[in-house]
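> Give me a model of this one.
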Amino acid sequence: MLAEPGTLALGLIAVLIGLVVLVIIIGVFVIGVYNKLVTMRNRYKNAYAQIDVQLKRRYDLIPNLVETAKGYMAHERGTLEAVTAARNIAYAASKAAASNPGDATAMKNLTAAESGLGGTLSRLMMVSEQYPDLKANQNMMQLTEELTSTENKISFARQAYNDSVMTYNTDREVFPSNLIANTFNFTTAELFVVDKPEQKDAPQVKFS
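Below you'll find the predicted structure:
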């Protein structure tokens, strides 16, 4: 027995309404996930901006530190030149990272440059211990204190940035958010983890 034309029309209308509702639900879901990813991406970029402020502060302090030490460390020219070179490399790397913190390559380059700079600064501080007059210099003491304070601020800012990156990366990797992330090119963000020279150079203790 054939169905009435009116019944078929009502059935088609019900199917169409169901499809429209389904499309709306999917659309709302996609928009919600997309907006959440954008928010978290902006959050870690803003967190990096706080790091960048402190990095620039440190890059401005280092030339003054080197200039002050130069008057007392005439025989340590190589150490001073190494600090200046490492500072310039890190400064260039920071500019590239600041223009796009989401660029994994730029962040890796900055991480490597900062590790190198930290190593040269550590060696400078160790060498300066051999120059009592330099340690007692008022300008050197003030610069060292400012540099230490800036390093602490960088450390706190870096932790906040890494926390934001971890949250963003986790959300973009889980299902079904990863489908939206891949569709709209939300790439993985890079952590900013710098090796501490004192940890890297520490002797390895082995128990036999």
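> And the longest helix anywhere in the chain, what does it pack against?
Assignment by DSSP state H gives helix 5-70 as the longest helix of the chain. Applying 3 or more CB pairs under 8 Å, 6 or more residues apart in numbering; DSSP states H and E, we find helix 5-70 packed against helix 77-99, helix 104-128, helix 138-173, helix 177-183. Yep, even glycine has a C-beta here, placed from its N, CA and C like the rest.
> Kindly reformat the ones you listed as TSV containing mean neighbour count, mean pLDDT and distance to residue 31.
Below are the helices and strands packed on helix 5-70 laid out as TSV (neighbours: other CB atoms under 10 Å; pLDDT from 0 to 100; distance: least, CB to CB, whole Å):
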stretch	mean neighbour count	mean pLDDT	distance to residue 31
helix 77-99	17	95	29
helix 104-128	19	93	27
helix 138-173	16	94	15
helix 177-183	15	92	9
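> Of those helices, give the one that comes closest to residue 18.
Of all the helices and strands packed on helix 5-70, it is helix 177-183 that lies closest to residue 18, at 22.5 Å by CB to CB.
> distance between that closest one and the chain's centre?
Computed by CA atoms, centre = their mean, to the nearest Å, the separation of helix 177-183 from the middle of its chain amounts to 22 Å.
> swap in stretch 97-116?
That offset, for stretch 97-116, works out to 7 Å (CA atoms, centre = their mean).
> contact partners of that stretch?
Here stretch 97-116 makes contact (CB atoms under 8 Å, 6 or more residues apart in numbering) with 41, 44-45, 48-49, 52, 86, 89-90, 92-94, 96, 187-195, 197, 200.
> With distance to residue 11 added, can I get the helices and strands packed on helix 5-70 in a markdown table?
As requested, the helices and strands packed on helix 5-70 are exported to a markdown table (distance: least, CB to CB, whole Å):
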| stretch | distance to residue 11 |
| --- | --- |
| helix 77-99 | 57 |
| helix 104-128 | 53 |
| helix 138-173 | 41 |
| helix 177-183 | 32 |
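> quick one, which of those helices is nearest to residue 23?
Using CB to CB, the helices and strands packed on helix 5-70 put helix 177-183 closest to residue 23, at 15.8 Å.
> My guess is residue 193 contacts residue 162. True?
Yes: at 7.1 Å, residue 193 counts as touching residue 162 under the criterion of CB atoms under 8 Å.
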